[in-house]
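J.: Sharing a model that was predicted from the sequence below.
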Amino acid sequence: MCERHEDEVLLWLQFKEGDRDAFAILYQKHIIPLIAYGTKICPDRELLKDQIQELFVELWNSRENLSATDSIRFYLLKALRYKLIRQGRHRHIHTRVESIPYSNTLMEAPIETSIIEKELHESYSHLLKDALRHLTLRQQEIIQLRFYQGFSHEQIAELMDLNYQSVSNLLYKALCCLKERIKIPVFVVICLSLLLA
Amino acid sequence: MQHLDEQVWTLLQNDLFLRWTLSADETTTAFWEKWMEEHPDRPGLVRRAQEIIRELSSLENPKDTEQFSADIWADVQARLTTTTPDMAVIRPRATISRRWLYWAAACLLGLIITGTVLRYHNPHNQQVSPQVATHVIDQDLLRTNFSATDREVLLVDGSTVILQPGASIRHAAFLEKDKREVYLEGNAFFEIAKDADRPFYVYTKDLVVRVLGTSFNVTTNKDNGDVTVLVQSGKVAVSKKTNPAHQPLILVSNQQVLYKEQTHDLVQANPATEKVTSYRSSTATSTPFNFEEAPVADIFRTLENAYAIVLHYDQKTFSACAVTTSLTDETFEEKLKIICEAIGATYTIKDNEVFIDGKPCK
């Protein structure tokens, strides 16, 4: 991790000095997580495309004035979030309302017990994906920020404009809701039982 | 309301644990291995928490990300080249642009050897290069020039494509059997190997260029979307995608055609105001595949990079093999055959990848 961090600092310095190759590497290293995050908070592909493009053009043009950064990834995600919010067309980015009602009936359907293990796992991923979709957007966002982007609670707090305790609460609630949705015994055995108290 | 296992939850909240799970390194691994040894319950606990993190992080792979990412990069490049003062020479004024390309093409020779290929496996484990990136999409190769200068890429049939910054081509790794098809985004120069049995098609958003062994330039004006096809040598047929049956426009040397994005008009433009500079002529006779007593692994790597095709071979077996050869216009397979014969190896092609088999050299 230490070495990797040094690489990142070096890359950032080269970029700031106007190295186009460093800029290209920077783009390639971070674009996929950036798109993943952007997709989560902004369903409009065209707007997302424009804003990411804008972000990198501005990044290049203002490179000399940028300060050192601990985490380029975090810096980029934060800048993108700010841009998308400023567009103001995607209200849910602002909202803190956690009120998407979910019905459990869909998920209660009995599953044939004879399904082979591999299929089980595939449908498990599918089920998890489906369950994730039923979380509130902010719950989905925090799950991505934590487990895919790998951000610390402090970073998530800064990004989502929450305090530390709220981050912890929101994350806990999101995981519980996921577990709630995946109650089918056979799947509980495979993985989510791992969460059971 | 369901509840989480307290201990699992504690681990999920631990930043060091998360970092270890997502990208382990020696320091974190040592720390957590030691931690697990301290209590018999801990390995199971760690496994459960890691499984949750991996399941949740693996769900985040939006579709078509590679294409999306290449599109954005192309736009960023286009905006940087038109707004950065010191790059102003590449503004799409035909004559200047060509002169710049001439210079760029001359430089290519030096660059192509060092050009590396990028392959994405997953977002947490990617090799990064600033040059030409290759992604596999539905068995096609998407090759994008992520660098700030022109880059040459080779096709298995012996054709050459010079991609301008941000440009990308998409094609079947070994091209189709009956016809060779390439989808182009951005600007590129093509030098097509003659093969009467397999016509070569270049598709842009709106146009189809049918080629009969030739070299030509495709340029898209970023501001208005107009596309220019300029022929340097040989003959091409240009038609609209929407109306392929319509009589195509035939272009020969130094002729160009302009497609108006707004009106969807395809018009033969005035012959190029000055003779098309043959910016390939200087490199056409030279070769980027000059090897003198080179370890065969180096040659394989050069092939992989130039064609974006994976070669499987046992490094150890061929570690003593050195080859002196000079290759130019051969197709990919011809090159492969020459090298394999030199070291007494054989090759097979399966699922768009090459498998090389043989015995150690003495």
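T.: In hand now; what should we look at?

J.: just the helices in chain A please.
T.: A:2-16, A:20-41, A:45-61, A:72-87, A:117-133, A:137-143, A:153-160, A:164-181, A:185-190 (DSSP state H).

J.: Out of these, flag the one nearest residue B:34.
T.: Set against residue B:34 and scored by Cβ to Cβ, these come closest in helix A:2-16, at 18.2 Å. To be clear about C-beta, it is placed using only N, CA and C from the backbone, and glycine gets the same treatment.

J.: Look up how far residue A:130 lies from the residue nearest the centre of chain A.
T.: In chain A, the centroid-proximal residue (Cα atoms, centre = their mean) is residue A:144; its distance is 2.8 Å. For residue A:144, the distance to residue A:130 equals 16 Å [Cβ to Cβ, to the nearest Å].

J.: Ok, residue B:31 next?
T.: To residue A:130, residue B:31 is 36 Å away according to Cβ to Cβ.

J.: what residues are up against residue 143?
T.: All of this refers to chain A. A:132, A:135, A:171, A:174-175, A:178, B:56 (Cβ atoms under 8 Å, 6 or more residues apart in numbering or on different chains).

J.: my bad, chain B
T.: Listed by Cβ under 8 Å, 6+ apart, the contact partners of residue B:143 are B:132-134, B:153, B:163, B:168-170, B:308.

J.: same check, this time on residue A:75
T.: Per Cβ under 8 Å, 6+ apart, neighbours of residue A:75: residue A:69.

J.: thinking again about what came up before, please tell me I have it right and the residue nearest to the centre of chain A contacts residue A:36.
T.: Yes - between residue A:144 and residue A:36 there is a contact at 6.8 Å, judged by Cβ atoms under 8 Å.

J.: still on that earlier bit, got CSV for the contacts of residue A:143, with pLDDT too?
T.: Output for the contacts of residue A:143, formatted as CSV (pLDDT from 0 to 100):
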residue, pLDDT
A:132, 84
A:135, 87
A:171, 93
A:174, 91
A:175, 90
A:178, 85
B:56, 87
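
J.: ok, those residues vs residue A:23, which is closest?
T.: When the contacts of residue A:143 are ranked by distance to residue A:23 (Cβ to Cβ), residue B:56 comes first, at 31.4 Å.

J.: how much space is there between that closest one and residue B:18?
T.: Distance, residue B:56 to residue B:18, using Cβ to Cβ: 11 Å.

J.: Below-threshold pLDDT in the stretch 251-362 of chain B: ranges please.
T.: Along the stretch 251-362 of chain B, segments meeting pLDDT under 70 span B:270-288.

J.: what residues are up against the residue in it that chain A sits nearest to?
T.: The nearest approach of the stretch 251-362 of chain B to chain A comes at residue B:308, 15.6 Å away (Cβ to the nearest Cβ). Neighbouring residues of residue B:308 by Cβ under 8 Å, 6+ apart: B:117, B:132, B:134, B:141, B:143, B:153, B:173.

J.: any idea which of the residues you listed is closest to chain A?
T.: Closest approach to chain A among these (Cβ to the nearest Cβ): residue B:132, at 10.5 Å.

J.: which stretch among the helices of chain A comes nearest residue B:180?
T.: Comparing these by Cβ to Cβ, helix A:20-41 comes nearest, at 28.3 Å.

J.: Sheet-wise, list the partners of the strand or helix carrying residue B:239 with their directions.
T.: Secondary structure assignment for residue B:239, by DSSP states H and E: strand B:235-240. Using DSSP bridges, strand B:235-240 pairs in its sheet with strand B:207-211 (antiparallel), strand B:249-252 (antiparallel).

J.: List the buried residues for it?
T.: Across strand B:235-240, burial judged by 16 or more other Cβ atoms under 10 Å in any protein chain shown covers B:235-240.

J.: What of stretch B:192-212?
T.: B:192-193, B:195, B:198-204, B:206-211.

J.: cool, stretch B:252-269 as well?
T.: For stretch B:252-269, by 16+ other Cβ under 10 Å, it's B:253, B:255-259, B:266.

J.: what's the pLDDT at the residue in the stretch 201-350 of chain B that chain A sits nearest to?
T.: Nearest residue of the stretch 201-350 of chain B to chain A, counting by Cβ to the nearest Cβ: residue B:222, 11.9 Å away. In this model, residue B:222 is scored at 74, pLDDT.

J.: Run through the strands of the stretch 101-250 of chain B in chain order.
T.: For the stretch 101-250 of chain B, the strands defined by DSSP state E, counting those that start in this stretch occupy B:117-119, B:132-137, B:140-145, B:151-154, B:160-163, B:168-172, B:180-185, B:188-191, B:200-203, B:207-211, B:215-220, B:227-233, B:235-240, B:249-252.

J.: weakest of those strands by average pLDDT?
T.: strand B:117-119 (a mean of 30).

J.: Helices of chain B, residue ranges please.
T.: For chain B, the helices defined by DSSP H occupy B:6-13, B:15-22, B:26-37, B:42-58, B:65-83, B:94-114, B:281-284, B:296-307, B:332-342.

J.: Using the record's domain definitions, break chain A down for me.
T.: Residue ranges for the domains of chain A, per automatic domain parsing: A:2-93, A:105-195.

J.: Switch the ones you listed over to TSV; also include distance to residue B:14.
T.: Listed next are those as TSV, based on distance: least, Cβ to Cβ, whole Å:
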stretch	distance to residue B:14
domain A:2-93	18
domain A:105-195	10
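
J.: pretty sure the residue of the stretch 201-350 of chain B closest to chain A is in contact with residue B:76, am I right?
T.: No - between residue B:222 and residue B:76 there is no contact under Cβ under 8 Å: 11.2 Å.

J.: how about the helices of chain A in JSON lines, adding distance to residue B:22?
T.: Supplementary listing: the helices of chain A in JSON lines, determined by distance: least, Cβ to Cβ, whole Å:
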{"stretch": "helix A:2-16", "distance to residue B:22": "12"}
{"stretch": "helix A:20-41", "distance to residue B:22": "11"}
{"stretch": "helix A:45-61", "distance to residue B:22": "23"}
{"stretch": "helix A:72-87", "distance to residue B:22": "12"}
{"stretch": "helix A:117-133", "distance to residue B:22": "18"}
{"stretch": "helix A:137-143", "distance to residue B:22": "14"}
{"stretch": "helix A:153-160", "distance to residue B:22": "14"}
{"stretch": "helix A:164-181", "distance to residue B:22": "16"}
{"stretch": "helix A:185-190", "distance to residue B:22": "22"}
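
J.: among the contacts of residue B:308, who's most crowded?
T.: In terms of neighbours by other Cβ atoms under 10 Å in any protein chain shown, the contacts of residue B:308 top out with residue B:153 at 27 neighbours.

J.: Okay, that residue and residue B:138: tell me how far apart.
T.: Using Cβ to Cβ, residue B:153 is found at 19 Å from residue B:138.

J.: what does residue A:30 give?
T.: 25 Å.

J.: So for those two, which residue has more residues nearby?
T.: Taking residue A:30 and residue B:138 together and counting by other Cβ under 10 Å, residue A:30 has the greater number of neighbours (18 against 7).

J.: Enumerate every residue touching that one.
T.: By Cβ under 8 Å, 6+ apart, the residues touching residue A:30 are A:72-73, A:76.

J.: Kindly report the same for residue A:79.
T.: By Cβ under 8 Å, 6+ apart, the residues touching residue A:79 are A:55, A:59.

J.: can you rerun that using 7 Å?
T.: Contacts for residue A:79 (Cβ atoms under 7 Å, 6 or more residues apart in numbering or on different chains) come out as residue A:55.

J.: Could you do residue A:126 as well?
T.: No contacts exist for residue A:126 under Cβ under 7 Å, 6+ apart.

J.: now swap in residue B:317 and tell me
T.: With contacts defined as Cβ under 7 Å, 6+ apart, residue B:317 is in contact with B:358-360.

J.: I'd assumed residue B:304 was in contact with residue B:311.
T.: Yes - taking Cβ atoms under 7 Å as the definition, residue B:311 is a contact partner of residue B:304 at 5.4 Å.

J.: How about the residues of chain A by chain B?
T.: Counting by Cβ under 7 Å from any Cβ of the partner chain, the positions of chain A adjacent to chain B are A:1, A:20-21, A:24-25, A:27-29, A:31-33, A:35-36, A:39, A:49, A:52-53, A:56-57, A:60, A:128-129, A:132, A:143-144, A:147-148, A:150, A:152, A:168, A:172, A:175-176, A:179-180, A:191, A:194-197.
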